[in-house]
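*Asks:* predicted model follows, preceded by the sequence.
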Amino acid sequence: MQNEQIVITRNHIGLGGAITAAGGLLFGILLLVVFGELRQESLIAFGIGVFGFIIWALMTPDDVRNFFGGRQVRYSVFSMFSTILLVGIVVMVYIFLQRAVITLDMTEGQRFTLSQPTHEVLQGVMRASRDIRIIGFYSREDLRLREVDDQYFRQYEVASEGRISRQYIDPDEQPTIAQNFIQRQGTISDGNNVFLAYVNPDGSIDLDSIMRVARSGRQERDVTEAISRLLLAGEFTVYFEVSHGEYDPTDNSGQGMSLVNNGVRASGLITDALDLQSIAASGGQIPADASAVIFARPISRLSNAEITVVDEYLQRGGAIFIMADMVFNENGFLRSGDPFNQYLWDNYGIRTIDAVIVDPVASSQTPLDVMSFAVSSSTPIGQRIAQENQPETLTLFRVARGIDVSSTPPVNNGWVVMSSDQSFGETNLQTLSESNTYAFDGGEDLPGPMPTVAWAWNTDTNARVLLIGDGDFVTNGQIFATRGNAILFTDGLAWLTGFSERVTFPTGIGITGLPVLTIDAPTLDSIRLLTIVIMPGIVFIAGVIVWLRRLRA
Amino acid sequence: MRATWIIFSREIGHYLTSPIAYLIAAAFFLLTGVMFNGDLALSVGIRAVEPSLIPAFLSLMLVFFAPLLTMRLLAEEGREGTLELLLTAPVRDSHIVMGKFLSAWFYYTLLLAATFLYQFILAAVSAPDLAHTMGAYIGIWLYGGAALAIGLLFSATTENQIVAAFLSMATLLVLLLGDLAGQIIPNAVWANVIRQLSLAGHFSTSFAVGLIRAEDIAYYAGIIVIALFITMRVVESRRWR
């Protein structure tokens, strides 16, 4: 075996020094860019680079001279600098155009162009005393989603002349800020990650004004409605009546209504308690700022004095939301003989009847768990209930009370939710309450279908009444039974207060309305033949011909 | 300009007389045809057709097609020694690079234009959003230009066509996957910067959804200009290396 002698020359050491110098300098610059400041790690890397350079210069001084003064270096340095200069110019043009927001919307429905209703809302933003910020929570995995949303958000920024700004936060990198939002608005998830808020004069976000942006997949509608709600925040006040044994809107238990109360507040409405008994006793009035009064399952009857107070309020254009459970006490709320029930019938053409609906067709576990069988969309109240192919939008009332709607009403009225043809109204309430048994008795019971939700609207005074034959359909324990219940409450309250008319974005805008594709099978086969066989086939044959010609040549 | 035109004409002639170019075109139409029919079958009776289907599909396929169209352009000239002849001719390096690039882009434009057939078919049997489709086509045309410019750059750096194609594909793949940077990179700011540099990032959320943004046009135009400029410098380096 032959021993080979390893010889280390000055050139080898010089080359090592040059590599060390280049590596050290590059690594140092990289660390500088990553950390954004001159750290100890960068200094060490630069030090190693300088050390390498000294070794290089000492061992092969001619190479160093050639490197800085040679023809190749002159050309390559010029090439490098001119390339860097060009990249710089391109980056500057790119940034300028990005900030200028110059876009061309090519979609048929102009999906990326703000519509006239949005511009009208933005006029309100321009008049507002404070700026608004769109705050989006997007983790690093959602960068594409953020980019899609940003297409819309930046149009709001431009159209509002900067009064609306955008801020994107990574909840994983800034969990403290995310926690602030979670505490006020609940979870932050893919579908619930965008909020609006006023901006304080110091540039910080007014956390008390945070408003969640709904995510229905139609960005313009969602954002514009949220801006409207933010602008209207505080203009609407809803009172929960509390003096007749109603459900407590601050109670977090299953029998409370805290979820609904919080939801109403999150929509920008103010909620408060109202003691009708005390008001009537003191000869007072329902507050002038009351956009609506909710009677969430009263147990006892209203006195004549209280009815007078309610009537005076309705005469002023008020609105009442009555959620009436079947009370098995004959003197209970809205049982026959209750003056308030008679008042509703005489003035609004709607009343409850002493019958519990039994529906063997449209029901859940038992025929007493009545679901919406028919829904009227004559008012906005019923338009989102019982959507096609969305069973979760049906309403579910556990023990529903029948409602009578007058066919010759003194004001406009109508039903919203109706039971099935197979249903009936069980009038033997004693047997029902004692043994939970029911059977149709042709002589006494009332044949279906029967309304379970009805509305009335006096167009002269603008008084509105919504009567629901169930008291607990939106308690904390029931609200998640079906989404339809929450929709009924939300849209019912929005109709009563007029809130929906102020914030609702016109339907139809931003929808492309492209027709569903319909082609018969023979046409589909012809298209298949043309595009998969004939078209590539012709090109392939042309290639073969060219190849054969070249072969002969 | 005349020199650019001569080189451009020569390259186009080369494309039209090359069996490989026809083979690439046939494969191109077969794949887009399969894609088109697949979406058509899935859409019938359920939804409207996807307006940007073909351009979106091409944004993926260009990773493989663009290097096939450009790998030969300068690498072959270098290997056969004809580039030296060209460099001694009374033409500038920019004329050589521009002529070759424009010929590749023109050939790609022809292929792209042929896929309009799918849109004519759709217009005959349905009511597609043609303006949206047009926007997506403009995007993929620019995207293709950028991909071809990158392919040409790698064709200039080596005399081996396979190496040129491989390096181009690797680079284009990285620039495609940059759109998904957030899935890999832990820092959101850096992930966004990388996404902003990616080819797909300037197509998938703008042109593909029917929105033309000036910044995206500037991005693709910038990539083309920078890649061609570097290619010119690489070709020029043969004079002083």
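*Replies:* Thanks, I have the structure now.
*Asks:* residue of chain B closest to chain A, please.
*Replies:* residue B:22 (2.7 Å; CB to the nearest CB). (C-beta placed from N, C-alpha, C; glycine too.)
*Asks:* helix/strand/coil for residue A:474?
*Replies:* Using DSSP: H, G, I helix; E, B strand; the rest coil, the structure places residue A:474 in coil.
*Asks:* neighbours around it, how many?
*Replies:* Neighbourhood size, residue A:474 [other CB atoms under 10 Å in any protein chain shown]: 25.
*Asks:* I'd assumed residue A:548 was in contact with the residue of chain B closest to chain A.
*Replies:* No: at 11.8 Å, residue B:22 does not count as touching residue A:548 under the criterion of CB atoms under 8 Å.
*Asks:* can you name every helix or strand that the strand or helix carrying residue B:194 contacts?
*Replies:* In this structure, residue B:194 sits in helix B:188-197 according to DSSP states H and E. Counting contacts by 3 or more CB pairs under 8 Å, 6 or more residues apart in numbering or on different chains; DSSP states H and E, helix B:188-197 packs against helix A:143-159, helix B:181-184.
*Asks:* winner for burial among those?
*Replies:* Greatest average neighbour count among those goes to helix A:143-159 (a mean of 20), per mean count of other CB atoms under 10 Å in any protein chain shown.
*Asks:* touching chain B at all, the helix or strand just after it?
*Replies:* Using DSSP H and E, the helix or strand that directly follows helix A:143-159 along the chain is strand A:164-169. No: for a cut-off given as CB under 8 Å from any CB of the partner chain, strand A:164-169 has no contacts with chain B; the smallest distance is 8.6 Å.
*Asks:* and the helix or strand that strand A:164-169 is followed by, how far out from the chain middle?
*Replies:* Downstream of strand A:164-169, the next assigned helix or strand under DSSP H and E is helix A:175-185. For helix A:175-185, the separation from the chain centroid amounts to 17 Å (computed by CA atoms, centre = their mean, to the nearest Å).
*Asks:* so who does residue B:138 touch?
*Replies:* For residue B:138, the contacting residues are B:207, B:212, by CB atoms under 8 Å, 6 or more residues apart in numbering or on different chains.
*Asks:* what helix or strand does it sit in?
*Replies:* Applying DSSP H and E as the criterion places residue B:138 in helix B:130-157.
*Asks:* surely residue A:542 and residue B:21 touch.
*Replies:* No: applying CB under 8 Å, one finds residue A:542 not in contact with residue B:21, separated by 10.0 Å.
*Asks:* the two: who's more crowded?
*Replies:* Between residue A:542 and residue B:21, counted using other CB under 10 Å, the more crowded position is residue B:21 (20 against 15).
*Asks:* buried stuff in the helix or strand harbouring the more buried one?
*Replies:* Taking DSSP H and E as the definition, residue B:21 sits inside helix B:19-43. Using 16 or more other CB atoms under 10 Å in any protein chain shown as the test for burial, helix B:19-43 gives B:19, B:21-33, B:35-37, B:39-40, B:43.
*Asks:* extract the residue ranges of the chain that are flagged as low pLDDT.
*Replies:* Since you didn't name a chain, this refers to chain A. Counting by pLDDT under 70, chain A shows low-confidence ranges at A:1-6, A:36, A:72, A:185-192, A:217, A:500-515.
*Asks:* was after chain B, sorry
*Replies:* Within chain B, the stretches with pLDDT under 70 are B:240-241.
*Asks:* so which residue is dead centre in it?
*Replies:* By CA atoms, centre = their mean, chain B has its centre lying nearest to residue B:144, at 2.3 Å.
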